[in-house]
Structures are given as C-alpha cells and as structure tokens.
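Engineer: task: produce atomic coordinates for the following.
(one chain, ligands or ions: 1)
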Amino acid sequence: MTDVDWDRLHDAAVEVMRRAYAPYSHYPVGAAGLTDDGRLVVGCNVENAAYGVGLCAECGMVSSLHATGGGRLVAVACVDGSEEPVMPCGRCRQLLWENGGPTMLLRTPRGVVPMTEVLPDAFDDGDLGARS
Ligand code: THU
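Structural biologist: Modelled structure (predicted):
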C-alpha cells in the first residue's frame, strides 16, 4: 500500500481527540491509524485520578486495532487539542513499533517519517529470538 489519505487520518484523529477524557492535564490527544487491510482505527487519551494509570490515545488505538480484527498499522496520525501533530511518548513509540514495525509511517510536526526515524534501534521480538 503506497497511497495514504493523510487528510482522512488527520480528520479522524481530530474527531476522536474531541472525545478525550483529559480533566487533569487538559491536553486531549487523538490518534488515528490505517491498517494493512484498509480499516481506520482510532483512540483518545483517558486519564484517571490516579495519574499514573492514564491511557494514551495510542493505547486506545492499538486496542481498537486488535478488537476490530487485528492486522498491522501502516500509517498513523496523532493530534493535540490544537489539531497539530503530536510526537508519541516513548511508551507509545514502542506500541507503534510492535504493531506497525519499521515501515509504518507517522505524521509528525516535521512531516511524515517511517518508524525507523521515530524509534531508532528499537527493541522488538527479534531481540527475544521470537521472529520466525
Ligand atoms: N498523551 C497521549 O495520549 N499520547 C502521547 O503520545 C503523549 C501524551 C496524553 C497522556 C496524557 O493524558 C496527556 O497526553 C498529557 O501528557
């Protein structure tokens, strides 16, 4: 798959960002991903009074990926409350790597980049000796 409709991904990320539950940080985030079979999956951040257990938008998106049939992420856009691209936190970069791998494309504040630039020298299943 070479053609990615980034406007559609951005619009989906903005729409789900508006449903974020972020009463503590007041920093809503929306994430939208295109799967290798053409599905669109989304997630928003969901915070908690116990701050440390809050869920990032990417966590929700990855849960939706698996809940709706699995597969691989090929392109992802994340936005903040200003509808601008967000760089995923470190934990979420690891989540994206697990579910999209090195070729997954991410829309960032500096443009669209592959995961190899988002998470260089990533740890993954190959390091566990689990890759077939
Ligand atoms: N957040 C995300 O949802 N994704 C990220 O990649 C960065 C941070 C959320 C977590 C928290 O609810 C809020 O943004 C402020 O850190």
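
Engineer: which residues in this protein form strands?
Structural biologist: Under the criterion DSSP state E, strands of the chain are mapped to 30-35, 40-44, 73-79, 105-108, 111-114.

Engineer: give me the pLDDT value at residue 129.
Structural biologist: Looking at residue 129, its pLDDT reads 81.

Engineer: near it, how many other residues are there?
Structural biologist: Close neighbours of residue 129, defined as other C-beta atoms under 10 Å, add up to 6. Every residue, glycine included, has its C-beta placed from N, CA and C.

Engineer: please apply the same query to residue 51.
Structural biologist: 9.

Engineer: need the winner for burial among the strands of the chain.
Structural biologist: Ranked by mean neighbour count, the strands of the chain are led by strand 30-35 with a mean of 27 (mean count of other C-beta atoms under 10 Å).

Engineer: tell me the angle that one makes with strand 73-79.
Structural biologist: Strand 30-35 and strand 73-79 are oriented at 170 degrees to each other (axes from the mean of the first three to the mean of the last three C-alpha atoms, to 10 degrees).

Engineer: who's in contact with strand 30-35?
Structural biologist: Residues outside strand 30-35 that contact it (C-beta atoms under 8 Å, 6 or more residues apart in numbering): 1, 4-5, 9-10, 12-20, 40-44, 56-58, 60-61, 65, 69, 71-79, 88, 100.

Engineer: how about a cut-off of 7 Å?
Structural biologist: 4, 9, 12-14, 16-17, 20, 40-44, 57-58, 61, 65, 71-79 (C-beta atoms under 7 Å, 6 or more residues apart in numbering).

Engineer: now the strands of the chain as CSV including distance to the ligand and mean pLDDT?
Structural biologist: CSV is the format used below for those (distance: least, C-beta to the nearest ligand atom, whole Å; pLDDT from 0 to 100):
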stretch, distance to the ligand, mean pLDDT
strand 30-35, 7, 98
strand 40-44, 8, 98
strand 73-79, 6, 98
strand 105-108, 11, 98
strand 111-114, 15, 98
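
Engineer: now those strands as CSV including distance to residue 128?
Structural biologist: Below are these laid out as CSV (distance: least, C-beta to C-beta, whole Å):
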stretch, distance to residue 128
strand 30-35, 24
strand 40-44, 26
strand 73-79, 20
strand 105-108, 24
strand 111-114, 22
